[in-house]
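Trainee: Got a sequence here, can you build the structure:
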Amino acid sequence: MKTHRLSVPFVSALLLILVFLSNSSFAHAAKATTPKEVVIVVETPSTPKIDYGVELLAGSLKEAGVRYRGPLATFKSRKEHVIRILIGAQAVSKEGKGEEGFTIVSAPRQTAITAHDDAGALYGCKELATQIRASRGIPQELNLADAPKMTLRGVPLFLMTAGSYDFPITPQQFPWFFDKALWTKTLDFFFENRFNFISFWNGHPFPYFVKLPKYPEVKELSDAELDRNIELLDWLSKEAAKRNIWLLFQFYNIHLPKSYAEAHGIPHDPNFNGYTVSKPNPEVAAYTRYAIGEFIRKYPSVGLVVCAGEVLEVQKEEWTRDVIIAGVRDSGKEPPIVVREWTIDKDKFRDIILPSYPNLYTEMKHNSEMYAAIEPDPGNADWIKMSRKHIINVHLMGNIKPFRYAPTGFIRETVSAQQRMGAQGVQVYPLWVWDWPYSADAQQFLQIDRDWLWYAAWARYGWNADRPPAQEDAYWGDLLSGKYGAKAAPHVLAAYEAAGRVMPWVPRLFWFDGWNHWFASNGLMLDQILAGTPIPYTNLPHTLSVREYARDMADGKQVAAGALTPVSITADMVAQGEKAVGACQQAQPLVEKDADEFARLCSDVRAISLIARFYQAKIDAAIRMVAYQTNRKAEDSQEVVRLLAKSVEDYRELVKTTEHSYKVANDIRNDIPFPFFPPTGMAPMRSIAIPRRPHWKDFLPVFEAELEVYRKLLAGN
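Mentor: Residues are numbered from 1 along each chain as shown. Prediction:
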């Protein structure tokens, strides 16, 4: 490793500057200069992150037409402009303190980047490089500091398919994982947005990436295939590490490789389409500990996400401490270990797991597997109080798929609520995770291209959500101006925001036991409308279910003050949908760029608006049905049929809107043995032939048939 000697006089001078600036506001400079030559001086030990930061600075100077030298360890000349990079908490301003924090201060012929750690130095170099590119020179009077509110900000990617956790990690199954060009693009995108981890999900990934000589019977790949996988992950972990991105491998317990299971007489588990053990034993514990230790030892910047449950029935906390954490300790490293709260006992976690490892995070879902509210599941607060660091996981989000979705204001409010609760990290799912890297569109798009705004918003606010709304509208407006034109941008932003506030309402009304994940855009049958209850994993005001509200109305009862009702909820859904459609109409004549993508966005907005209208008509029909069952008035029965007919017409328009723009409506197949996605989660599926990956057109006959049933049932009433 290269080392660079620290300049003590420079540190002292810089500290004086920072003392003055600590009481000043930090703002971007408006002026820039183009010196004849810039010297990059690195006065701190070299690391891959610092080296990459210097590379970014050099690239920006070259683009600006500025000659540069370096990196050098020291430099004394006063003629050239010097960019100095220094790590030292004592030389970082208050605003830049903490992990990944940095300060940039400029003076005549000198710019200083000081950082808390090498990650902060990297982000400081990246920020200065961005400013150099924007100003085509060296910014003058530049005084800024930044540090994240959340120390882990990341995205999960699945090395498994729906129906099986234990999938072989090969180019045939996951070609995207072995595509280095795609990885470079993806890593650059995540780094640009300051995400700092990717979690890979698989039942038991270790024998796909490390040789295990103590267990020669464990052989999931040929020698050549294993060498290929090892080379790939070695390259990927180094490329990620220099961008300050951890690779965290999420695995389930106790899942085992097929070769080990067959050699040790462990039967196949049809529930998971793999090999599992529900009770720990010494042989399995020894193997798992060894595999984990070898895996962590092998790669830089690799950690773990632990799911102790779904198979393991007893001693989950002891297994986590004595096998998983012990295996990591065997490696001699201390990477992040994230323990999911899924099936873990809080008290046992506190007493058994928490004291056993210093670099430990906990993780819990935001609103189960939906995105229902700004407020996180209140259960997160208990984990935050107990654990050192806690991640809130915005998980799967069955109610907002598969459309373009990026209400930046709603996301900012969400992350702000998470940060107020005390969360130290956020994990946000891709909008179409099971089919990564592509979206559900009929035309193939990379999700990082189609859904760039979704990722950018979560990353920006994971870094810091405490930003004024007006300032943020201007920030996103500038980005959208680059994509669609300055005049269209405010209307596009308004369309995203209004459309994004429609679908979170659906799980606030409809939650079904056993349906922790269901596809709200598919719609619901009338009996499902009446069976649903509000999602319990939020901290919303009291919300009346459709049946509860309908009974109160039929009985002439008053709604309690402050309660949310199905009628008020659907009214807001429809109003927001119409507002979004109107914003698209306002933007349309003003669009100067990327008109095709704008048209696709507006098609999605129209689809969301139609779904809102569908639910409003269906819920009103359900309310009238309860009224008819209570009072037997003919006008109620007639309204049931009229409103159901309207809901079918809205759904028919939804089919027309999406027929040529989307391949499928769901990213989970309905023909697989998967205990946590029962067929009912494919609502409104009934006993008819539905394709493995249905489209809305496959559900339309269900609703048409339902309408005819009620027409006949209520005929003559």
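Trainee: ok, for T408, nearest residue in space, not its chain neighbours?
Mentor: The shortest distance from T408 to any non-neighbouring residue, by C-beta to C-beta, 6 or more residues apart in numbering, is to A457 (4.6 Å). Where C-beta positions appear, they are placed from N, C-alpha and C, glycine not excepted.
Trainee: low-scoring pLDDT stretches of the protein, where are they?
Mentor: 1-30, 89-91, 163, 514, 669-682, 685-691 (pLDDT under 70).
Trainee: So which residue is smack in the middle of it?
Mentor: Nearest residue to the geometric centre of the chain (C-alpha atoms, centre = their mean): V428, 1.4 Å.
Trainee: what sits against it?
Mentor: Residues in contact with V428 (C-beta atoms under 8 Å, 6 or more residues apart in numbering) are G154, V155, V394, W454, Y455, W458, G462.
Trainee: Compare those and tell me which has the most neighbours.
Mentor: Neighbour tally across the contacts of V428 (other C-beta atoms under 10 Å): the maximum, 29 neighbours, falls on G462.
Trainee: Quick one: residues contacting that residue.
Mentor: Here G462 is in contact with P148, K149, M150, R153, R194, F195, V415, G425, V426, V428 (C-beta under 8 Å, 6+ apart).
Trainee: if we can go back for a sec, so the residue nearest to T408 touches G409, yeah?
Mentor: No. Using C-beta atoms under 8 Å, A457 makes no contact with G409, being 9.0 Å away.
Trainee: who's more crowded, these two?
Mentor: Higher neighbour count among A457 and G409: A457, with 25 against 19, using other C-beta under 10 Å.
Trainee: roughly how far out does the helix or strand hosting the more buried one sit from the chain middle?
Mentor: Using DSSP states H and E, A457 sits within helix 452-463. Relative to the centre of its chain, helix 452-463 is centred 9 Å away, using C-alpha atoms, centre = their mean, to the nearest Å.
Trainee: what's the answer for stretch 392-409, then?
Mentor: 8 Å.
Trainee: list the buried ones in stretch 344-356?
Mentor: Residues of stretch 344-356 classed as buried by neighbour count (16 or more other C-beta atoms under 10 Å): I344, K348, F349, I352, I353, L354, S356.
Trainee: whoops, I mixed them up, stretch 45-53
Mentor: Under 16+ other C-beta under 10 Å, the buried positions of stretch 45-53 are S46, T47, P48, K49, I50, D51, Y52, G53.
Trainee: nearest to I337, of those?
Mentor: The shortest approach to I337 among these belongs to K49, at 21.3 Å (C-beta to C-beta).
Trainee: mind checking the SS state of that closest one?
Mentor: When classified by DSSP: H, G, I helix; E, B strand; the rest coil, K49 comes out as helix.
Trainee: from memory it sits against A240, does it?
Mentor: No. Between K49 and A240 there is no contact under C-beta under 8 Å: 10.9 Å.
Trainee: on that earlier part again, for Y208, state which of the buried residues of stretch 45-53 is nearest.
Mentor: Nearest to Y208, judged by C-beta to C-beta, of the buried residues of stretch 45-53 is P48 at 24.6 Å.
Trainee: what's the closest non-adjacent residue to the closest one?
Mentor: Nearest to P48 is K242, by C-beta to C-beta, 6+ apart, at 4.1 Å.
Trainee: Could you do E341 as well?
Mentor: M364 (4.5 Å).
Trainee: and the helix or strand harbouring that neighbour, which strands flank it?
Mentor: Per DSSP H and E, M364 falls inside strand 360-365. Counting by DSSP bridges, the strands paired with strand 360-365 are strand 337-340 (parallel), strand 390-394 (parallel).
Trainee: could the ones you listed go into TSV alongside distance to P684?
Mentor: Conversion of those to TSV gives the following (distance: least, C-beta to C-beta, whole Å):
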stretch	distance to P684
strand 337-340	31
strand 390-394	26
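Trainee: dump the residue contacts of the residue nearest to E341.
Mentor: M364 neighbours (C-beta under 8 Å, 6+ apart): R340, E341, D377, G379, N380, W383, H390, I391, I392, N393.
Trainee: can you give me the helices in the stretch 551-700 of the chain?
Mentor: Residue ranges of the helices in the stretch 551-700 of the chain, as given by DSSP state H, counting those that start in this stretch, are 566-587, 595-631, 634-658, 696-714.
Trainee: what are the ranges of the helices in the stretch 251-400 of the chain?
Mentor: Going by DSSP H, counting those that start in this stretch, the stretch 251-400 of the chain shows helices at 258-263, 282-298, 316-319, 326-330, 346-348, 379-386.
Trainee: got the ones you listed as JSON lines, with distance to P504 columns?
Mentor: As requested, the helices of the stretch 251-400 of the chain are exported to JSON lines (distance: least, C-beta to C-beta, whole Å):
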{"stretch": "helix 258-263", "distance to P504": "41"}
{"stretch": "helix 282-298", "distance to P504": "38"}
{"stretch": "helix 316-319", "distance to P504": "32"}
{"stretch": "helix 326-330", "distance to P504": "38"}
{"stretch": "helix 346-348", "distance to P504": "28"}
{"stretch": "helix 379-386", "distance to P504": "17"}
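Trainee: looking at those, which is closest to L57?
Mentor: Proximity to L57, assessed across the helices of the stretch 251-400 of the chain by C-beta to C-beta, is greatest for helix 282-298 (31.6 Å).
Trainee: If you count neighbours, what's buried in the closest one?
Mentor: 284-285, 287-296, 298.
Trainee: who does it touch, helix- and strand-wise?
Mentor: strand 302-310, helix 326-330 (3 or more C-beta pairs under 8 Å, 6 or more residues apart in numbering; DSSP states H and E).
Trainee: If you count neighbours, what's buried in the longest one?
Mentor: It refers to strand 302-310. Those would be V302, G303, L304, V305, V306, C307, A308, E310, for strand 302-310 by 16+ other C-beta under 10 Å.
Trainee: Next: the shortest one.
Mentor: Within helix 326-330, the residues that count as buried by 16+ other C-beta under 10 Å are A326, G327, V328, R329.
Trainee: Now tabulate these in CSV and tack on distance to P216.
Mentor: Below are the buried residues of helix 326-330 laid out as CSV (distance: C-beta to C-beta, whole Å):
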residue, distance to P216
A326, 23
G327, 19
V328, 24
R329, 25
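Trainee: any idea which of those residues is closest to R642?
Mentor: Closest approach to R642 among those (C-beta to C-beta): V328, at 62.9 Å.
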